[in-house]
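In: one predicted model, sequence on top.
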Amino acid sequence: MQLATLAAIQGADLARAVLDGLLAQAAGQQSSPLMTFGFLAVMVVIFYFFLIRPQSKQMKEHKAMLAALKKGDVVVTSGGLIGKVHAVADKFLVLEVAPSVRLRVLGSAVSSKAPEGLLEEEPKSEKAAEKDKDK
């Protein structure tokens, strides 16, 4: 398709020259099938160790963390919400993000457990923040 477009735009001579060059290049680079198979095998091993294995390990750790969640744990969702687990179901969690404010989220939306004491922090008032700034 591209060769036909090239021929229509710039003439048949240029297309023929490009085609001849490509055929000559392909004929000069003959390699054994064993060499090609070896290269593919090395690429598969590299992809396994650098992409597939770490991702599957991370997925197992995430599933184990989700299975270990219980009422009272503080978690962070992938959207950035921080809440305390109020109830755990098969696919859903009920998070309490503020007093008497509960959200139902998918278990897969939970990215990690929050560090200890994160939810207990009280927001500073504006006057306290100004005093800290003046110091």
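Out: Ah, there it is.

In: do a quick rundown of the helices in this protein.
Out: 2-10, 12-28, 33-47, 53-67, 126-134 (DSSP state H).

In: how about residues contacting the third one?
Out: In this structure, no residues lie in contact with helix 33-47 by CB atoms under 8 Å, 6 or more residues apart in numbering. Yep, even glycine has a C-beta here, placed from its N, CA and C like the rest.

In: if we can go back for a sec, weakest of the helices of the chain in terms of mean pLDDT?
Out: Here the helices of the chain differ in mean pLDDT, and the lowest is helix 2-10 at a mean of 48.

In: list the contacts of the closest residue to Glu116 other than its chain neighbours.
Out: With sequence-adjacent residues excluded and distances taken as CB to CB, 6 or more residues apart in numbering, Glu116 is closest to Val74, at 8.0 Å. By CB under 8 Å, 6+ apart, Val74 lies in contact with Ile82, Gly83, Lys84, Val85, Lys113, Ala114, Glu116, Leu118, Leu119.

In: scan these and report the most crowded one.
Out: Using other CB atoms under 10 Å as the neighbour criterion, Gly83 leads the contacts of Val74 with 23 neighbours.

In: isn't that residue right up against Val97?
Out: Yes: using CB atoms under 8 Å, Gly83 is in contact with Val97, at 4.1 Å.

In: list residues touching both of those two?
Out: Shared contacts of Gly83 and Val97 (CB under 8 Å, 6+ apart): Leu103.

In: circling back to that earlier point, any chance of CSV for the contacts of Val74, columns distance to Val101 and pLDDT?
Out: Formatted as CSV, the contacts of Val74 follow (distance: CB to CB, whole Å; pLDDT from 0 to 100):
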residue, distance to Val101, pLDDT
Ile82, 12, 92
Gly83, 9, 92
Lys84, 11, 93
Val85, 14, 93
Lys113, 20, 90
Ala114, 17, 86
Glu116, 22, 76
Leu118, 17, 75
Leu119, 13, 72
